[in-house]
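> just to be clear, the model below is a prediction. Sequence and coordinates:
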Amino acid sequence: MSIKSNIEHLERGLGRGCRLIAVSKTQPLEKIHEAYNAGHRLFGENKVQELVDKYQQLPGDIEWHLIGHLQTNKVKYIAPFVSLIHSVDSEKLLVEINKQGAKANRVVPCLIQLYIAQEDTKFGADVQDLHQWIRTGLFDRLPFVEVRGLMGMASLTADEAQLRQEFRTLKQTFEALKQEPLPGNVRMQELSMGMSADYPIAVEEGSTLIRIGTAIFGNRT
């Protein structure tokens, strides 16, 4: 199947309210052009340098998402243009994003990555951290940060019951936060969960953004 038909096949299964991020990490520019020429505009990258390089070489109407772990010393490279940072997992990172957003005179859209997996290799804040940031007024001091929702990475497992429970836990946190009084720059709009191996379950459990690479582009080079 072609990249175009892969995208069409995936989007047919998403239903309303869920969008597809084409994860283009390590993929050559010609493959991204192929997806772009098929009408796709939403792309995700894991590494800052690769994201910056592709941003500079590809059409300006692409919506670039940073979905991989982000180090504070790399924020300055993407703050001027990134459409959404999915992987914000610490107070230190939030403060740096605000600092670089101020320098770029731009409010930077973010998701808070929460730890939902049962394995040590995944990143993420605890939900208690997020409640503390809200309670202590952290977000009120970060006018160049806009939190649009949550992100989570499920365990690498074939156990569908476990995957469903992890996604459901994140969805429940998302819905509970919607009912709480939140700072003006924090809203629960996007729920980023689901990748090539587990996205059907994530969609069933309420994902609004799925991050798909292999099922679109084939195996990484």
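That came through, no problem.
> what are the ranges of the strands in the chain?
19-23, 42-45, 63-66, 84-88, 108-113, 145-151, 186-192, 209-212 (DSSP state E).
> dump those to CSV, plus mean pLDDT, mean neighbour count and distance to Phe167.
All C-beta atoms are positioned from the backbone trio N, CA, C, and that covers glycine. Shown next, in CSV, are the strands of the chain (pLDDT from 0 to 100; neighbours: other C-beta atoms under 10 Å; distance: least, C-beta to C-beta, whole Å):
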stretch, mean pLDDT, mean neighbour count, distance to Phe167
strand 19-23, 98, 22, 16
strand 42-45, 98, 22, 18
strand 63-66, 98, 21, 19
strand 84-88, 97, 24, 15
strand 108-113, 98, 25, 14
strand 145-151, 98, 24, 11
strand 186-192, 98, 20, 9
strand 209-212, 97, 23, 11
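> relative to Glu160, which of those is closest?
strand 209-212 (16.3 Å; C-beta to C-beta).
> and the residue positioned nearest the centre of the chain, how far from Gly152?
Geometric centre of the chain, nearest residue: His86, 3.1 Å, by C-alpha atoms, centre = their mean. Using C-beta to C-beta, to the nearest Å, His86 is found at 10 Å from Gly152.
> which neighbours do these two have in common?
Gln113, Ser192 (C-beta atoms under 8 Å, 6 or more residues apart in numbering).
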